[in-house]
Every structure is written in structure tokens, then in C-alpha cells.
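K.L.:
I need the structure of the sequence given here:
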Amino acid sequence: MKPAKSGFGDTQTVWARTGYLGFLRRTDLTDASGERHDALYVVGSLDETLELRGMRYHPIDIETSVIRSHKSIAECAVFTWTNLLVVVVELEGSEQEALDLVALVTNVVLEEHYLIVGVVVVVDPGVIPINSRGEKQRMHLRDGFLADQLDPIYVAYNM
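P.N.:
From the prediction side, this is the model:
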């Protein structure tokens, strides 16, 4: 007898509603009986996902791409503002590099995520707030951006 099908898959699928985004992937690792097992990868909180153009993106994916793009980028955080993607980049180099980072950040996000960056904010290291657990406080950063409290080195609006 086949299991009944539903609109979301078969009835054998088990969902854990934790509020976090994650997935299972079969690994080459084996347990004591020699069976291969799955590994659980937790990406992050569903509350942090960004919705742009009808798609959901996790900030960590975009931030990782930006950080990898240049050695002078110490840290990065992203959030949305009036349906625009805002990228805040901490520059760990000379202020002359700030202008060069704008095109680099815009290009890497477009090439890897097919998203257009609306605003690039280049700031000094330590501006992006981080809590005691090491998590970025993106909403506090967004509030500081909206209140014009970031004291940026350079801001580029791409509207």
C-alpha cells in the first residue's frame, strides 16, 4: 500500500518547526553499524530572511559573498529598506578604497545572487552591532541607518 500524497509531499516526511532554516544532506560518514547517515545543516533564523522580488534570501549567503570579494572588508551586514537591498561594509583599509568597494560589492551581489544593491554604506570597523552570542544585530543596524547614526565613510545610492 502506497502512502497518501498531499500537496506538500508524502505523509512520511517529518517536519521540525523550530523557526530556523536548515536542511538534511546524506554524508559519507558512517555510524557504528556501517550505515551512512544524514547531517543537519542549520542556516539561520527564518525571521532574518529577506524577501526581494518574491524570493527569500538569507542574509548570511549575501554577506559571505561580499566578505569574500575583497581583503579589506572586515565585516558585512545586509537588510532591506523600502524594498531596496542595503549592504553595510566595514572597511579595514584606507578610505581611498571606499569608492572602489561600491562597484565590487554591487557586482558580486548581482553575479552571485542576481540582486541589485540599492544602497552601499562603507563604515569603519566595529560599527555593525554584534550581541554577546556573536550574532549580527541587523535590525539595530537598520535603525541606526534610518536615524543617520552610522557615521559612514561613504554612501552610494543606486536608485
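K.L.:
now stretch 27-40: mean pLDDT?
P.N.:
In this model, stretch 27-40 carries a mean pLDDT of 81.
K.L.:
confirm that His140 sits in a helix.
P.N.:
Yes - His140 sits within a helix when classified using DSSP: H, G, I helix; E, B strand; the rest coil.
K.L.:
and the residue nearest to it when sequence neighbours are not counted, how many neighbours does it have?
P.N.:
Of all residues not flanking His140 in the chain, Pro129 sits nearest, at 4.7 Å (C-beta to C-beta, 6 or more residues apart in numbering). From N, CA and C alone the C-beta is placed, and that goes for glycine too. One way to gauge burial is a neighbour count; for Pro129, by other C-beta atoms under 10 Å, it gives 15.
K.L.:
ok, Pro129 touching Gln137?
P.N.:
Yes - Pro129 is within contact range of Gln137, at 4.0 Å (criterion: C-beta atoms under 8 Å).
K.L.:
before we move on, back to that, contact partners for the residue nearest to His140?
P.N.:
The neighbours of Pro129, taking C-beta atoms under 8 Å, 6 or more residues apart in numbering as the test, are Lys136, Gln137, His140, Leu141, Gly144.
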